[in-house]
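J.: compute the structure for the input listed below.
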Amino acid sequence: MMKVIYENQVKALGACVEEFKDAEMFILFGDNAPEELRDYCYSVSVNPINGTIAAGQILKIGANEYKITAVGSEAPVTLAGLGHCTVNFSGQTTVDLPGTIYVEHKPMPDITIGTVIQILEA
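T.: Here you go, the predicted structure:
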C-alpha cells in the first residue's frame, strides 16, 4: 500500500500552460499566484505535505506515474506554503533549480481541470 505524502487537484489552467510542454515542465500554484505567472500555471489549492518528499517516490498525475529523481530544497516549502512548485520531466538527478521536483524522463501527461496529482511513498 502506498502512503500519500501529498495530494491535490487541478482547479484551473492558465492560458499559456502549453508553452512549457516543449520544455518538459509544468508549474503548480495556489490561489495567490502572482498575476504575471498565473497564465503559465495549473491552479491548485494550498494543501499540506504529510512527510518528506524525496527521490525514489512516485509522482502520480491522473493515471500516470513518474519516479521522482531529485527534489529541490525549496520545492516542499513553496508547495506546502503556496501550492507552488515546478515539475521537470528531464529525469536528472541533480538539482539546478531549488523550487523544482525532477521526475523520470517520460512523456508529460495531459493535465486538465480535475486531474488529481499525488506524491506517493512505497
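J.: quick one: contacts of the least confident helix or strand in the chain by mean pLDDT?
T.: In the chain, no helix or strand scores lower on mean pLDDT, DSSP states H and E than helix 35-38, which sits at a mean of 91. Contact with helix 35-38 is made by 14, 27, 29, as judged by Cβ atoms under 8 Å, 6 or more residues apart in numbering. (C-beta placed from N, C-alpha, C; glycine too.)
J.: got it, and stretch 18-28?
T.: 8, 17, 37, 40-42, 44, 79, 83-90, 100, 105, 108, 111, 117.
J.: kindly recompute the last result at 6 Å.
T.: Stretch 18-28 has contacts (Cβ atoms under 6 Å, 6 or more residues apart in numbering) with 40, 41, 42, 44, 85, 86, 87, 88, 89.
J.: biggest helix in this structure by residues?
T.: Counting by DSSP state H, the longest helix found in the chain is helix 75-82.
J.: per-residue confidence averaged over that helix?
T.: Average pLDDT, helix 75-82: 97.
J.: next SSE after the least confident helix or strand of the chain?
T.: Next in sequence after helix 35-38, counting helices and strands by DSSP states H and E, comes strand 41-43.
J.: just how off-centre is that following strand within its chain?
T.: 10 Å (Cα atoms, centre = their mean, to the nearest Å).
J.: stretch 78-87 too?
T.: Its chain's average C-alpha position is 8 Å from that of stretch 78-87, according to Cα atoms, centre = their mean.
J.: and that stretch, what's buried?
T.: Applying a neighbour-count criterion of 16 or more other Cβ atoms under 10 Å, one finds 78, 79, 80, 82, 83, 84, 85, 86, 87 buried in stretch 78-87.
J.: measure the fifth one to residue 2 for me?
T.: Distance, residue 83 to residue 2, using Cβ to Cβ, to the nearest Å: 22 Å.
J.: repeat that for the first one.
T.: In this structure, residue 78 lies at 24 Å from residue 2, with Cβ to Cβ as the measure.
J.: what do you get for the second one?
T.: In this structure, residue 79 and residue 2 are separated by 19 Å, where distance is defined by Cβ to Cβ.
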